[in-house]
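**Q** Build me a model:
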Amino acid sequence: MQRYFIKNDSHKDGVIQSTDNMIRHMKKVLRYSNGDQVICVDENANVYLCTIADIDKGILIREKGLQEYNELDVDVTLVYGLPKGDKFEFILQKATELGVKRIVPLRTKRSIIRIDDKRFLKKYERYNRIITEACEQCERETKPILEPLTVISKLGQYRSDVNLVAYEESSREGEKSVLKKALDRIKTSITIVVGPEGGFDPLEIKEMNKLGFESCSLGKRILRTETAPLYMLSVIGFERELSK
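**A** Down below sits the predicted model:
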């Protein structure tokens, strides 16, 4: 059943006023009509089964609350070195599906793309729309937070119980236990850092190590920048949801 995220102030006394985008999606994409049902999730993660009362005006009637929880039991922050092209949008979508709680775009020395805060903000609305649509598709109750652009020196504010940075030299050196042991130490949160196409400069790794981020391998193979975060998120998801 189609799911939509709504503002807290959009529903009152059992009536929900849809946004223009919701109305357009229900009418043009799904071809819904009066009497069809959807699920709405508000900003407090309350989930409601709703019936379309007036498709043209976007009026929904809240039928009942639903008890569900599809979130990971730990908060995962992904710090991601900005890649070129549309890879960042791909990661926003897939990381959301895999349960990430917060995404932090990172400027690094080897980032191919050069983007400043102003240019990033121009794309912010689009990025958040990608996150919202991914949440609706995978039936989450909470939308990940997309943080502003940052640099390595400011990563201390994004630390968690466990803090890891994926580093290809760790893989080449045969390291294979840091990630596994780290998963056992998670209490409520973990932060993972992944670099751009060119990886991290050794001095950047040293700076992150000083900030408390432990270098780790992701196995014998060197993964692409768009593969590494999805690998780590999948491992975390398996450990928290399927291995117990």
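**Q** Poorly predicted segments of this protein, please.
**A** Per-residue confidence for the chain (pLDDT under 70) gives these ranges: 112, 244.
**Q** tell me the domain ranges of it?
**A** By the assignment in the TED database, the chain contains the domains 1-64, 73-241.
**Q** for the longest one, the distance to its chain's centre please.
**A** I take that to be domain 73-241. Relative to its chain's centre, domain 73-241 lies at 9 Å (C-alpha atoms, centre = their mean, to the nearest Å).
**Q** Then the first one?
**A** Between the mean C-alpha point of domain 1-64 and the mean C-alpha point of its chain there is a distance of 24 Å (C-alpha atoms, centre = their mean).
**Q** center of the chain - which residue?
**A** residue 96 (3.5 Å; C-alpha atoms, centre = their mean).
**Q** Now do that one against residue 129, distance only.
**A** Distance, residue 96 to residue 129, by C-beta to C-beta, to the nearest Å: 12 Å. Every C-beta, even on glycine, is put in place using the N, C-alpha and C of the backbone.
**Q** so what sits against both of those two?
**A** The contact sets of residue 96 and residue 129 do not overlap (C-beta atoms under 8 Å, 6 or more residues apart in numbering).
**Q** State whether residue 77 is indeed within a strand.
**A** Yes. Counting by DSSP: H, G, I helix; E, B strand; the rest coil, residue 77 falls inside a strand.
**Q** What count of nearby residues applies to it?
**A** Residues near residue 77, counting by other C-beta atoms under 10 Å, number 22.
**Q** contacting residues for it?
**A** With C-beta under 8 Å, 6+ apart as the criterion, the residues that contact residue 77 are 100, 101, 102, 103, 104, 158, 160, 189, 190, 191, 192.
**Q** Among the domains of the chain, show me which one is buried the most.
**A** Among these, domain 73-241 has the highest mean neighbour count (mean count of other C-beta atoms under 10 Å), at a mean of 17.
**Q** hmm, who's touching stretch 162-172?
**A** Identification of contacts with stretch 162-172 by C-beta under 8 Å, 6+ apart yields 178-179, 182-183, 185-186, 189-195, 199-200, 202, 205, 208-209, 211-223, 228, 232.
**Q** Looking at these, which are in strands?
**A** Among those, the ones falling in strands (DSSP state E) are 189, 190, 191, 192, 193, 194, 214, 215, 216.
**Q** Which pair in those has the greatest spatial separation?
**A** 189 and 215 (19.1 Å; C-beta to C-beta).
**Q** ok, which stretches of this protein are strands?
**A** Counting by DSSP E, the strands of the chain are 3-5, 11-12, 15-17, 37-41, 47-54, 59-66, 75-81, 102-107, 145-146, 150-151, 162-166, 189-194, 214-216.
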